[in-house]
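Visitor: Sequence plus the predicted model coming up.
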Amino acid sequence: MRQWLRLQPSFLIESDLPASEVILRVRKALQQPDLRPFAETASMCIDYKIAAADQRFWSPHLSVQVTDTESGSQLHCRYAPRPEIWTMFMAIYFVVAILVAGAAVYGYVQWWMGDRPWALLMIPTGLLLILGLHIASQIGQSLSADQMELLKERLDQTLERAL
């Protein structure tokens, strides 16, 4: 059940090397022609993406944050929808949440004034819409499982060459 609630699956990879060394080696490995078109680096971040020709609405990207730890470094890897898709979903979630809160306030005022609180009907409607968005995101994750595996393979290839 907990896995079903996750919007952005993630995993960790440990390294004995310091983060600065890991990122330098990864950048060098990503210069190879078979990996170069599918990844970008900036500071301590690496982003793996699906080729434009293969992208679908639900296509993910894999974001990797490299941080120092006491024993070396840690790569925090997270699958996420493309930024424009994620922004759209979060905007819809936000708008629906604001409308639900507004309906709750308006419904309470209607009830307090002795009117029929019809605005309270918007609360379950909004919650169902949020549930529908969450189910749609889970379906999108399952439809893009093959691409998530491809991104993981590219990360593994990079780390094999770099470390």
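Guide: Thanks, I have the structure now. Residues are numbered from 1 along each chain as shown.
Visitor: for the protein, what spans make up the strands?
Guide: Under the criterion DSSP state E, the chain contains strands at 10-15, 39-42, 45-48, 60-69, 72-81.
Visitor: From the contact counts, what lies against the second one?
Guide: In this structure, strand 39-42 packs against helix 19-29, strand 45-48, with contacts taken as 3 or more CB pairs under 8 Å, 6 or more residues apart in numbering; DSSP states H and E. Every C-beta, even on glycine, is put in place using the N, C-alpha and C of the backbone.
Visitor: For it, give the mean pLDDT please.
Guide: Mean pLDDT, strand 39-42: 94.
Visitor: What pairs with that strand, parallel or antiparallel?
Guide: With DSSP bridges as the test, strand 39-42 is paired with strand 45-48 (antiparallel).
Visitor: Tell me the buried residues in the strand it pairs with?
Guide: 46-48 (16 or more other CB atoms under 10 Å).
Visitor: just stretch 45-59 next, same as before
Guide: Applying 16+ other CB under 10 Å to stretch 45-59 flags 46-50, 58-59 as buried.
Visitor: Let's have the residues you listed in JSON lines, adding distance to S10 and pLDDT.
Guide: Shown next, in JSON lines, are these (distance: CB to CB, whole Å; pLDDT from 0 to 100):
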{"residue": "I46", "distance to S10": "14", "pLDDT": "97"}
{"residue": "D47", "distance to S10": "14", "pLDDT": "96"}
{"residue": "Y48", "distance to S10": "14", "pLDDT": "97"}
{"residue": "K49", "distance to S10": "17", "pLDDT": "95"}
{"residue": "I50", "distance to S10": "18", "pLDDT": "95"}
{"residue": "W58", "distance to S10": "18", "pLDDT": "88"}
{"residue": "S59", "distance to S10": "18", "pLDDT": "93"}
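Visitor: ok, which pair from those is furthest apart?
Guide: Using CB to CB, the two most remote members of those are I46 and W58, lying 21.6 Å apart.
Visitor: Could you state which residue of the chain sits nearest its centroid?
Guide: Centroid-nearest residue in the chain, with CA atoms, centre = their mean: A80, separated by 2.5 Å.
Visitor: can you list the strands of the chain in CSV and add distance to A97?
Guide: Output for these, formatted as CSV (distance: least, CB to CB, whole Å):
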stretch, distance to A97
strand 10-15, 24
strand 39-42, 31
strand 45-48, 29
strand 60-69, 24
strand 72-81, 19
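Visitor: Quick one, which of the ones you listed gets closest to D146.
Guide: strand 60-69 (10.4 Å).
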